[in-house]
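[1] Provided below for reference: sequence and predicted model.
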Amino acid sequence: MNRIVQQQIACSKWKSMFCPRIMEKIEHNKEISAFCHVKWNGALGYEVQCHEDRFIVKVEDKKCTCRRWHLTGIPCAHAISVILFRKKKISRLCGKLLQEKCVRSSLYSYFVPISWRQILAKYKNGRN
């Protein structure tokens with residue numbers, strides 16, 4: 001119960017659309033994206049070359065061949081390089097479950113704990 005209250009207080013202090021840890025990951029991926037080169041690849045999406053590796057990014061599907069974006073909901077460095085290339089907002093392409101509204105709604109809808117000792121005592125007394 002205390003942990004939920006602490007999380008609610010921490011969530012109320014957020015200054016952005018996402019929690020600070022998610023923002024750190026996005027900023028880290030932005031730094032890595034500076035070393036990526038983007039090429040339009042027609043119907044396949046965008047081809048991103050990062051060092052010696054190549055990845056295919058489909059912004060509309062929110063997918064990259066590295067699979068990080070699909071698994072976490074946070075755009076990988078390759079996806080961020082494409083998003084910036086297209087001059088779009090990164091926040092609009094992050095997973096919906098990572099947004100402040102969704103996190104807050106999950107923190108404010110929880111089960112109230114019950115005392116099992118009272119229930120067991122009633123059960124034992126009723127049986128005897």
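    Looks like it came in fine. Residues are numbered from 1 along each chain as shown.
[2] for Tyr108, see how far away the nearest residue to Met23 once chain neighbours are set aside is.
    Residue nearest to Met23 in three dimensions, not counting chain neighbours: Ser16, with 5.6 Å by CB to CB, 6 or more residues apart in numbering. C-beta here means a position set from N, CA and C on the backbone, and glycine is covered the same way. Distance, Ser16 to Tyr108, using CB to CB, to the nearest Å: 20 Å.
[3] and the residue nearest to Met23, how many neighbours?
    Ser16 has 11 neighbours, counted by other CB atoms under 10 Å.
[4] just the pLDDT at it, thanks.
    Ser16 is assigned 77 on the pLDDT scale.
[5] name the element it belongs to?
    Per DSSP states H and E: Ser16 is located in neither a helix nor a strand.
[6] so it touches Glu27, yeah?
    No: taking contacts as CB atoms under 8 Å, Ser16 lies outside contact range of Glu27: 10.8 Å.
[7] overlap of the contact sets of these two?
    Residues touching both Ser16 and Glu27 by CB atoms under 8 Å, 6 or more residues apart in numbering: none at all.
[8] would you point out the helix or strand in this protein whose mean pLDDT is lowest?
    Lowest on mean pLDDT, DSSP states H and E among the helices and strands of the chain sits helix 100-107, with a mean of 70.
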